[in-house]
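A.B. asks: Okay, predicted coordinates and the sequence, questions at the end:
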Amino acid sequence: MALTLLEKIKVWLFKAVMGVFYGLFLLLSPRRDALSGKKLPPVTNPLLLVSAAQLAKKIRRKEVSSVEVVQAYIDRIQEVNPLLNAVIKDRFDDALQEAAQADKLIEQETGGEDVLEDRLPLLGVPISIKESLSLQGMPHGVGVVSRRNFIQSTDPPVVAYLKRAGAIPMGVTNTPEEEVQVGRALFWQEQERSFGIGSDIAGSIRMPAFFNGIFGHKTSTGIVSSEGEFPPCSGRHEEYESVGPMCRYAEDLLPMLKIMAGPSAQKLSLDTKVDLKKLRFFTIPHDSGSFMVSPVSKELMEIQRKVVQRLEADLGVKVQEVRFPELRHSANIWLSCMDLPDEDGKPPQPFAELFGEPGRPMRPFWELMKWMVGKSDHTMAAIGVSIFQALKPFKASTATFDVEQKESLQRKMEELLGTDGVFLYPSHPRVAPKHHHTLFTPYDCAYTAVFSILGMPITQCPLGLGKEGLPLGVQVGAWRLQDHLTLEVALYLEKAFGGWRDPGAS
C-alpha cells in the first residue's frame, strides 16, 4: 500500500529526528569495553543440551543426579556471564542444597517414577527467573536505581507453582531500567535467555526469544498470575499483560505453562490432542506498511514463505495469505490502549514516577543534560522514553480512532481464527540489532505489541540462522484460550527447521 504525502513527510521527519538522536548517542555515549567483541564459548557439557522435560526424566530415573545438573548450569553461567551479564544475582549455594534434597527425595520414594512425575514434574530441574518477577531473597530492583537495594521477601504465585513442582531457581536475570519504560512492557530488546519465565505486554517474552533463537510463549491474557511483578499494573494494563515460559526446546513449553497457570490451566485445552492436518492455516506477511515501524527484512519474509511451503508440503494443507489494514496502526493501537485509564478513571502511572520510585519522579530533561556529561544514573533509553511520553511525538491519530482500529482487528481475528485457526506473522521486522540500536527504532515492537492488546496466545518459534549468523523466527498465533494450537505448531516447526542452535558453535 503506497504512502500518502502526509505519511511520507512523517517518515522523513521521524527518520531525521531518530538520526539526530543516534548521532548524539554515538558522540556522547561511553565506548564499549574490551569484552564486547568476544564470542561465546560453545556448550561442551551434554547436560546443557537436554530439554527440561528430559532432564526431569533422567533425574527421576537416577540416570543423572540433580546436583550434577545444577552444577553443570553453575559452571556454564560462570563461564559466560562475564560476557553477558545475564544473571545479576545467583543463589548457587542454595540451589545445590535443594538439588541434594531432590536427590535424597528420589532415593526415598517408594511409589516409583510415575508418582514422582505426577507430584513433582520438574523435580531437580534448574530454572532462571527474570528480575521483574519477585523471587524470595533475591533483588527486585528491575534496573531502577532507586530500588537497587530492594530485596524480595516472598515468592509470587507463578514462582511458587514452579518451586512446588520441584524446579530449582538458579538466580535472577537482568532486567535493564529501559524495560520499565513502558509501564508494564518489560520488553526492552537486548537480553539473553535459555530457560525460564518472563512477562510480556509488548514483546518481553517474544522479542528476546526471537533475538536469541529460542521459543517464547505469550499466554492468553488472564491465565498466568502476574502478581509480584514490578511495576504493578495500572490503567488497563492487566488486560494486556501476560506471563509465560521461555525455553530452548518446544517440548518444555506446554508442561511449563500447565504448572505456571495453576488452577487456571483448566481454562485451556492443554490435554487435547491436536491434529495439525485439521487446522486452518493463515499467513500475514507484514503489517501493510507503517511509517513508525521498520519494513520487514527480505530474509524474514523469505523464511516465513518457506514455513508456508513446508506446511503445505508436509501436512497437505492450504495456507491462505491474509492482510489486515488495521495492522498498519499497530504502534498507535498499543500506545493509545496503554494510556487508557482504569474503570475508576485513574490513568497509568507515568514513566518518570516509576523511574524515581520510591522517591520523587525523575526529571527527564534534566537527566538528559546530566547524561550528556556522564553524570546521570539513568540509561538513555529510560530518559528518552520519559521525554517521548511527555511530548507524544509523531502520533497524529486520536485515541478514539486507535481503539476503533483495535476493536475492528479483534472482531476480524476472532471471526477468522475461531477455535481451529492459526496464523504466521513476523516476530520482528529485523534480525537481532546491534547493542543500543533499538533505541532509535522504538516502535518496531509493534509486531509483537499489538497481540498483547488483543490478549491472544502467541508462540515465537526459532527457524535457524540467517546470512549474518543471527536467529530467524516467526510468531504463531491463535485466538484466545487456544494456546494448545500454537504450542503444537511450535513442536512441528522445531522438527522441520531444527529449533535452537548453540550460539557458541555457530
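C.D. replies: That came in fine, so what should we check first?
A.B. asks: Strands along the chain, start to end?
C.D. replies: Listed in chain order, the strands of the chain (DSSP state E) span 87-90, 126-130, 168-173, 196-200, 215-218, 242-247, 280-283, 319-321, 421-425, 458-465, 471-478.
A.B. asks: Which of these sits closest to residue 290?
C.D. replies: strand 421-425 (14.0 Å; CB to CB). All C-beta spots, glycine's among them, are computed from the backbone N, C-alpha and C.
A.B. asks: Can you tell me what sits against the closest one?
C.D. replies: Strand 421-425 is contacted from outside by 279-284, 304, 307-308, 319, 322, 416-417, 447, 474-479, 482, 485-486, 489, using CB atoms under 8 Å, 6 or more residues apart in numbering.
A.B. asks: these two touch, right, residue 258 and residue 265?
C.D. replies: Yes - using CB atoms under 8 Å, residue 258 is in contact with residue 265, at 5.1 Å.
A.B. asks: which of the contacts of strand 421-425 count as buried?
C.D. replies: Buried by 16 or more other CB atoms under 10 Å: 279, 281-284, 304, 307-308, 319, 417, 447, 474-479, 482, 485-486, 489, out of the contacts of strand 421-425.
A.B. asks: highest average neighbour count across the strands of the chain?
C.D. replies: Greatest average neighbour count among the strands of the chain goes to strand 215-218 (a mean of 32), per mean count of other CB atoms under 10 Å.
A.B. asks: Show me what it is packed against.
C.D. replies: Under the contact definition 3 or more CB pairs under 8 Å, 6 or more residues apart in numbering; DSSP states H and E, strand 215-218 sits against strand 196-200, helix 206-212, strand 242-247, helix 253-261, helix 446-454, strand 458-465, helix 483-497.
A.B. asks: what lines up beside the first one in the sheet?
C.D. replies: When pairing is defined by DSSP bridges, strand 196-200 lines up against strand 126-130 (parallel), strand 242-247 (antiparallel).
A.B. asks: Let me know which of those is the nearest to residue 443.
C.D. replies: Ranking those by proximity to residue 443 (CB to CB) places strand 242-247 first, at 20.2 Å.
A.B. asks: before we move on, the earlier item: how about the strands paired with strand 196-200 in CSV, adding mean pLDDT and distance to residue 219?
C.D. replies: Shown next, in CSV, are these (pLDDT from 0 to 100; distance: least, CB to CB, whole Å):
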stretch, mean pLDDT, distance to residue 219
strand 126-130, 89, 15
strand 242-247, 93, 5
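A.B. asks: With distance to residue 20 as extra columns, can I get those in JSON lines?
C.D. replies: Compiled in JSON lines, those are given as follows (distance: least, CB to CB, whole Å):
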{"stretch": "strand 126-130", "distance to residue 20": "33"}
{"stretch": "strand 242-247", "distance to residue 20": "35"}
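A.B. asks: neighbours around the nearest residue to residue 225 once chain neighbours are set aside, how many?
C.D. replies: For residue 225, ignoring the flanking residues on the chain, the nearest one in space by CB to CB, 6 or more residues apart in numbering is residue 157 at 4.4 Å. As a burial measure, residue 157 scores 18 neighbours (other CB atoms under 10 Å).
A.B. asks: Now do the contacts for residue 157.
C.D. replies: Contact partners of residue 157, counting by CB under 8 Å, 6+ apart, are 225, 227-228, 262.
A.B. asks: Which single one of those is nearest to residue 150?
C.D. replies: When those are compared against residue 150 (criterion: CB to CB), the nearest one is residue 228, at 12.8 Å.
A.B. asks: And the pLDDT for residue 182?
C.D. replies: Looking at residue 182, its pLDDT reads 41.
A.B. asks: Tell me where the model's unsure across the stretch 51-200 of the chain.
C.D. replies: By pLDDT under 70, the weakly predicted segments of the stretch 51-200 of the chain are 143, 145-146, 175-194.
A.B. asks: what about the longest helix in the protein?
C.D. replies: Longest helix in the chain, counting residues (DSSP state H): helix 5-28.
A.B. asks: elements contacting that one?
C.D. replies: helix 364-372.
A.B. asks: Could you list the buried residues of the helix it packs on?
C.D. replies: So, applying 16+ other CB under 10 Å, buried residues of helix 364-372: 364, 367-368, 371.
A.B. asks: From residue 220, how far out is the residue nearest to residue 225?
C.D. replies: Residue 157 sits 17 Å away from residue 220, going by CB to CB, to the nearest Å.
A.B. asks: Please apply the same query to residue 349.
C.D. replies: For residue 349, the distance to residue 220 - CB to CB - is 25 Å.
A.B. asks: same check, this time on residue 341
C.D. replies: For residue 341, the distance to residue 220 (CB to CB) stands at 24 Å.
A.B. asks: burial of residue 107, as a residue count?
C.D. replies: By other CB under 10 Å, 9 other residues sit near residue 107.
A.B. asks: Spatially central residue for this structure, please.
C.D. replies: Note on the chain: the residue nearest the mean C-alpha position is residue 205, at 0.9 Å, using CA atoms, centre = their mean.
A.B. asks: got a list of what it touches?
C.D. replies: 198-199, 216-218, 242, 244, 246, 460.
A.B. asks: Can you pick out the most distant pair from the residues you listed?
C.D. replies: Using CB to CB, those span at most 14.4 Å, a distance reached by 199 and 460.
A.B. asks: Residue 372 and residue 363: what is the separation?
C.D. replies: Per CB to CB, residue 372 is found 14 Å from residue 363.
A.B. asks: for residue 456, same thing?
C.D. replies: Distance, residue 456 to residue 363, using CB to CB: 38 Å.
A.B. asks: neighbour-wise, which of those two wins?
C.D. replies: The residue with more neighbours, out of residue 456 and residue 363, is residue 456; 26 against 15, by other CB under 10 Å.
A.B. asks: And the more buried one, how far from residue 210?
C.D. replies: Distance, residue 456 to residue 210, by CB to CB: 17 Å.
A.B. asks: With residue 315 instead?
C.D. replies: As judged by CB to CB, residue 315 and residue 210 stand 24 Å apart.
A.B. asks: Show me which of those two is the more surrounded one.
C.D. replies: Shown here are residue 315 and residue 210; by other CB under 10 Å, residue 210 has more neighbours (31 against 16).
A.B. asks: Next up, the contacts around the nearest residue to that one once chain neighbours are set aside.
C.D. replies: Nearest residue to residue 210, sequence neighbours excluded (CB to CB, 6+ apart): residue 427, at 4.0 Å. When contacts are counted by CB under 8 Å, 6+ apart, residue 427 touches 206-207, 209-210, 300, 447-448, 460, 473-475.
A.B. asks: ok now stretch 214-233, how far from the chain's centre?
C.D. replies: 10 Å (CA atoms, centre = their mean, to the nearest Å).
A.B. asks: any idea of the mean pLDDT in it?
C.D. replies: 89.
A.B. asks: Send over that stretch as PDB, restricted to the C-alpha atoms.
C.D. replies: What follows is stretch 214-233, C-alpha atoms only, in PDB (Å, rounded to 0.1, in the frame of the first residue of the first chain):
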ATOM      1  CA  ILE A 214      14.700 -19.800  21.400                       C
ATOM      2  CA  PHE A 215      11.000 -20.500  22.000                       C
ATOM      3  CA  GLY A 216       8.900 -18.000  23.900                       C
ATOM      4  CA  HIS A 217       5.100 -18.300  24.600                       C
ATOM      5  CA  LYS A 218       2.900 -15.300  25.400                       C
ATOM      6  CA  THR A 219      -0.100 -16.900  27.000                       C
ATOM      7  CA  SER A 220      -3.700 -15.900  26.600                       C
ATOM      8  CA  THR A 221      -4.300 -13.000  28.900                       C
ATOM      9  CA  GLY A 222      -5.600 -13.700  32.400                       C
ATOM     10  CA  ILE A 223      -4.300 -17.300  32.600                       C
ATOM     11  CA  VAL A 224      -0.900 -16.900  34.500                       C
ATOM     12  CA  SER A 225      -0.800 -14.700  37.500                       C
ATOM     13  CA  SER A 226       1.300 -11.500  37.200                       C
ATOM     14  CA  GLU A 227       1.200 -10.900  41.000                       C
ATOM     15  CA  GLY A 228       4.600 -10.000  42.400                       C
ATOM     16  CA  GLU A 229       5.900  -8.100  39.300                       C
ATOM     17  CA  PHE A 230       7.300  -4.600  39.200                       C
ATOM     18  CA  PRO A 231       6.000  -2.300  38.000                       C
ATOM     19  CA  PRO A 232       2.500  -3.300  39.200                       C
ATOM     20  CA  CYS A 233      -0.400  -3.000  36.800                       C
END
